[in-house]
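return atomic coordinates for the entry below.
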Amino acid sequence: MYFDKVLKINGIRAIVFSICYAMCAFQCAYIPYLLTFSDAVFMLPLILLLVTNFADNGKIRLMSLAYLYLFLNFYYPAYTIGFFSFFYLIVYMVFVKKYTMKTIISKLLIFGVSIVFTAGITAIVLYPTALFLMTKYADDATTIENIIGGNVLDIYNQLFMGENMSLFNRYPYVYCGLPVMFLLPAYIFSKKIDIESKILYLSMLVLMVISCTILPLYLFWHCFDAPDGFYYRFTYIISFLLCVIGCKASERIHEIKYRFWAILILINLAIYVICMYVQPNNQMVYQSYSKSTWMFFGINAAYMLIYFGWLIIYNKKASDEKNKKALSLLF
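As a prediction, the model looks like this:
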């Protein structure tokens, strides 16, 4: 019954989102000392929904409570999501809602006051802990001079079914599955997806991706701190954005021609080969960390071809409701 309702309301995009984002949550949650980040992963969609509601109708109470929970739980995710949602709010009001400058400034002021208020309450509650850390806790073992940003290939390669050797290898930590390889270009090139939506999500995605490579931006998301242990604490947001974009693109999945999918498969496999030879040269310690080998090239190629076959069958059989449900579960 639950599946019938979800499928009726959201179609295949509900399946895409739940599978891809669950993988992102797993990546964060299975590391013992990053369990607090799993709360940020689960809260991020709710926060953006509440921020969107605030921009639409000015409702602020639930949004403030959500931020209060994040600040009480762990400062880093609250800081990161707070600024990310702030940038999201600006782009949403400017390009999607197209508010006047007066309205934008007034809403940003209200938003800022609510964040400062919730952070202030949290500071009072956590003051004893903060005082203890300031006086007793050792400095980070990492120095800013030793931080080296990742590159786009590092981020791209995380979308394949690779195996990460160590968080200490200093590369972006992103995973949300092979379907994103197809759905992201489909979203970009679809003429039936409104330009306002593309500006909103793609601008946020570009901001987070370049933050992995530009040191000042990278440090900004780390509270201008030299991170010790987990170098890319904000990349779960990249996974989230890719999943949202994938869901948006899946709404138009039946309109995309097969030759487009075939070209995407060839391009992705070509880039995989490039990753296989280029990435090991960029590593500081390990010569290879992502299992980018010819064997995994074959495995990923097989997955892509299977997915391509699934797309063909889905487009032909989706008119029948029972077949549509069965194929969605198979995906």
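
what about the helix or strand hosting L217, average pLDDT?
Following DSSP states H and E, the helix or strand that holds L217 is helix 215-221. For helix 215-221, mean pLDDT rounds to 86.

that helix: what's the following helix or strand?
Downstream of helix 215-221 (by DSSP H and E), the next one is helix 236-250.

just checking, what packs against that next one?
helix 12-29, helix 35-57, helix 75-91, helix 179-189, helix 195-210 (3 or more Cβ pairs under 8 Å, 6 or more residues apart in numbering; DSSP states H and E). In this view, the C-beta of every residue, glycine as well, is placed from N, C-alpha and C.

now find how far off-centre that helix is within its chain.
6 Å (Cα atoms, centre = their mean, to the nearest Å).

also stretch 79-93?
14 Å.

which parts of it are buried?
79-82, 84-85, 88-93 (16 or more other Cβ atoms under 10 Å).

quick one on the thing from earlier: got the CA coordinates for the helix holding L217 in PDB?
Taking Å, rounded to 0.1, in the frame of the first residue of the first chain, the C-alpha atoms of helix 215-221 are listed here in PDB:
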ATOM      1  CA  LEU A 215      41.400  26.400  -1.100                       C
ATOM      2  CA  PRO A 216      39.600  29.600   0.300                       C
ATOM      3  CA  LEU A 217      36.200  28.100  -0.500                       C
ATOM      4  CA  TYR A 218      37.300  24.800   0.800                       C
ATOM      5  CA  LEU A 219      38.300  26.300   4.100                       C
ATOM      6  CA  PHE A 220      35.100  28.400   4.200                       C
ATOM      7  CA  TRP A 221      33.000  25.200   4.500                       C
END
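
list the buried ones in it?
217-219, 221.

would you format those residues as CSV with distance to T293 included?
Listed next are the buried residues of helix 215-221 as CSV, based on distance: Cβ to Cβ, whole Å:
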residue, distance to T293
L217, 32
Y218, 29
L219, 34
W221, 32
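
where among the helices and strands packed on helix 236-250 is the average confidence lowest?
The bottom spot among the helices and strands packed on helix 236-250, by mean pLDDT, belongs to helix 12-29, with a mean of 65.

returning to that earlier point: could you export the helices and strands packed on helix 236-250 as CSV, including distance to Y307?
Formatted as CSV, those follow (distance: least, Cβ to Cβ, whole Å):
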stretch, distance to Y307
helix 12-29, 12
helix 35-57, 25
helix 75-91, 30
helix 179-189, 7
helix 195-210, 22
